[in-house]
Structure formats: structure tokens, C-alpha cells
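A.B. asks: structure for the following, please:
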Amino acid sequence: MALSNEEATRLTSGQEDATKDFIFNHTMFRIKDPKISLDFYSRVLGMRLLRKMDIEAGKFTNYFMGYESEGDMPKGDDERRIWLFSRKAILELCHNWGTENDDSKYHNGNSEPRGFGKPAFSSLNCFRSSRSRRTNNTGNGFTV
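C.D. replies: Residues are numbered from 1 along each chain as shown. So this is what the prediction gives:
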């Protein structure tokens, strides 16, 4: 049974001082092949690579994607790291090295274990965006 609007408001009202400066920084998706994923998120969805982090000890790479202007991005590595984690709504793509060559399958969350949702992107003109040259020949569908 769904909560009423009043109950949802009551359960979520009142921000505490301790959390007043919190922002939703990013969410992470595991990716199998960075060549395919980076192409999709940059060419089809227009996102920019904000930072790439190779974690040798863990044998993985994080690619942070977002809609920031090139001119707003600091050039130095330390400055870029601090800047990155102060942004809102960034997508972290995590590639565990070697998974591009294994036989693992994509899990969409509709079979057990259930739970995966979806990322949602907004466009001022989704019909024009879905017909653009960038979305052709990718094999990826759009819900409009």
C-alpha cells in the first residue's frame, strides 16, 4: 500500500543541522567493458569524463562522468579530486579489470536478486534527442 502524501511528507520533513550541507554526489554502476560504456555515456548521452582513477591495489578503474563544462574543471589532479567530490549527480562507472573478457552477464534487476532500478536523464526535447545522430546505430533503446 502506498503512503499518503501527508505521511511521506511527515516522514521526510525536518533537515538536521548536521546534514544541511550534504549533497548527493554520485552513484556507481559496475561495467563490464569500459570501451563500450565510455562510448555510450559520452557519445550517446553527452556526458564528459570528469576524472579517471586507476586503483592498482584493487585492480579496478573508476570513471567519473557528468555534465560539467570543460572550463570549470580544475587541471591539477589534487584540485580535480576535491572539485569532483563537491559536484552533484555524478555517475561513477567501475570497471573491475578482466571482466571484459569473462563470461559474466548483465543483470537488469528484474530477475533474482531483484532490486536494480535505472538512471534517469532529462532533456528539454527528448524526441529530438532520441532521433539525433548520436543515438543511431547503438542498439540501445530509449523510453520517451
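A.B. asks: what's in contact with stretch 70-79?
C.D. replies: Under the contact criterion CB atoms under 8 Å, 6 or more residues apart in numbering, stretch 70-79 has outside partners R48, L50, R80, I82, W83. Every residue, glycine included, has its C-beta placed from N, CA and C.
A.B. asks: buried among the residues you listed? Make that a PyMOL selection.
C.D. replies: In PyMOL, a selection of the buried entries from the contacts of stretch 70-79 looks like this (16 or more other CB atoms under 10 Å):
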select buried, resi 50+83
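A.B. asks: could I get the contacts of stretch 70-79 in CSV, plus columns for secondary structure and distance to N62?
C.D. replies: Shown next, in CSV, are the contacts of stretch 70-79 (DSSP: H, G, I helix; E, B strand; the rest coil; distance: CB to CB, whole Å):
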residue, secondary structure, distance to N62
R48, strand, 15
L50, strand, 11
R80, helix, 13
I82, helix, 16
W83, helix, 15
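A.B. asks: farthest pair within the contacts of stretch 70-79?
C.D. replies: Comparing all pairs in the contacts of stretch 70-79 by CB to CB, the longest separation belongs to R48 and I82, at 17.9 Å.
A.B. asks: ranges for the strands of this protein?
C.D. replies: Chain-ordered strands for the chain, with DSSP state E as the definition, fall at 26-31, 48-55, 60-66, 90-96.
A.B. asks: nothing else from me, thank you.
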